[in-house]
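Chemist: have a look at this fold, sequence not included:
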């Protein structure tokens, strides 16, 4: 797929982060495992409901999105934060030679506490490689998170 053309049609900007130091944030982080899929699907539906990304991917079914992510998943760099269940996740995928921040998901009741930043920072530390991320234009929390962690827009 032509990523640049695809992101323009979706009104999304591609960001890139070069390898480098990443802050250590958060506690209660662990790697994603196969048994997390149902919880991740539920978390995704709750987190995206009513947001600019609610219908990204053509549906709002978290189980479909997680199943679509799994074939290209990078489990050694995908993390969840737990507080009486999974409350945030950073899901990394690989497309060719490129690592992608596929999803950053935070439960609505846990937003604004730095958990999204913590799980993404853990993913970046695990990879120590360039990482790309697509962000819907106008998704201010995601744009802010990416900028905080050193991502910069890729020229179109």
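Modeler: The structure has been received and is ready for your questions. All values reported here derive from a predicted model rather than from experimental measurement.
Chemist: every contact and neighbour count from this point should use C-alpha atoms.
Modeler: Fine.
Chemist: what number of residues lie near the closest residue to residue 150 other than its chain neighbours?
Modeler: Nearest non-adjacent residue to residue 150, counting by C-alpha to C-alpha, 6 or more residues apart in numbering: residue 17, 6.0 Å away. With neighbours defined by other C-alpha atoms under 10 Å, the count for residue 17 comes to 19.
Chemist: these two touch, right, residue 17 and residue 127?
Modeler: No: the pair residue 17 and residue 127 does not pass the contact test of C-alpha atoms under 8 Å, sitting 11.3 Å apart.
Chemist: can you identify the element that follows the worst-scoring helix or strand of the chain on mean pLDDT toward the C-terminus?
Modeler: The least trusted helix or strand in the chain, going by mean pLDDT, DSSP states H and E, turns out to be helix 3-9, with a mean of 41. In the C-terminal direction, the helix or strand that comes right after helix 3-9 (DSSP states H and E) is strand 12-17.
Chemist: run the chain-centre distance for that next one.
Modeler: From the chain centre to the centre of strand 12-17 is a distance of 12 Å (C-alpha atoms, centre = their mean, to the nearest Å).
Chemist: from the contact counts, what lies against that strand?
Modeler: Applying 3 or more C-alpha pairs under 8 Å, 6 or more residues apart in numbering; DSSP states H and E, we find strand 12-17 packed against helix 3-9, strand 131-136, strand 152-153.
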